[in-house]
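Undergrad: just coords:
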């Protein structure tokens, strides 16, 4: 999805992919950003354990995701 002036937006999901539960107050939960360039997906998790389990199930590709804790408290 392209935003104004050709700038791509990050798609954000607040549904934990492992539990299927909605993450309330996502700013205080762990997350990852998958993808690079103009196609990124920010995924929030209910817990650090859920985030780790998700990462363990992903292919071992360093370009596949970026950890970003800048908004995790």
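TA: Arrived safely, thanks for sending. The shown structure was predicted, so the numbers you read here are calculated from the model rather than taken from an experiment. Residues are numbered from 1 along each chain as shown.
Undergrad: which residues of the protein score low on pLDDT?
TA: Scanning the chain for pLDDT under 70 picks out 1-8, 59-73.
Undergrad: again, only using 90
TA: 1-10, 34-40, 56-73 (pLDDT under 90).
Undergrad: the strands in it, which residues?
TA: 11-13, 31-36, 39-44, 65-67 (DSSP state E).
Undergrad: Parallel or antiparallel, list what pairs with the second one.
TA: I take that to be strand 31-36. Using DSSP bridges, the strands paired with strand 31-36 are strand 39-44 (antiparallel), strand 65-67 (antiparallel).
Undergrad: what's the longest one in contact with?
TA: Contact partners of strand 39-44, identified using C-beta atoms under 8 Å, 6 or more residues apart in numbering, comprise 8, 10-14, 16-17, 23, 26, 29-35, 54. Heads up, the C-betas are built off the backbone N, CA and C, glycines and all.
Undergrad: Just the buried residues from those residues, in ChimeraX please.
TA: Of those, the buried ones go into a single ChimeraX selection, burial set by 16 or more other C-beta atoms under 10 Å:
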select :14,16,23,26,29,30,31,32,54
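Undergrad: Roughly how far does the closest residue to residue 35 other than its chain neighbours sit from residue 47?
TA: Once flanking residues are discounted, residue 35 sits nearest to residue 41: 5.6 Å by C-beta to C-beta, 6 or more residues apart in numbering. To residue 47, residue 41 is 19 Å away according to C-beta to C-beta, to the nearest Å.
Undergrad: next one: residue 30
TA: Residue 30 is 7 Å from residue 47, where distance means C-beta to C-beta.
Undergrad: try residue 54
TA: Using C-beta to C-beta, we find residue 54 at a distance of 11 Å from residue 47.
Undergrad: and what of residue 11?
TA: 22 Å.
Undergrad: what's the answer for residue 25, then?
TA: Residue 25 is 13 Å from residue 47, by C-beta to C-beta.
Undergrad: Please identify which of the two sits among more neighbours.
TA: residue 47 (14 against 8; other C-beta atoms under 10 Å).
Undergrad: Nothing else from me, thank you.
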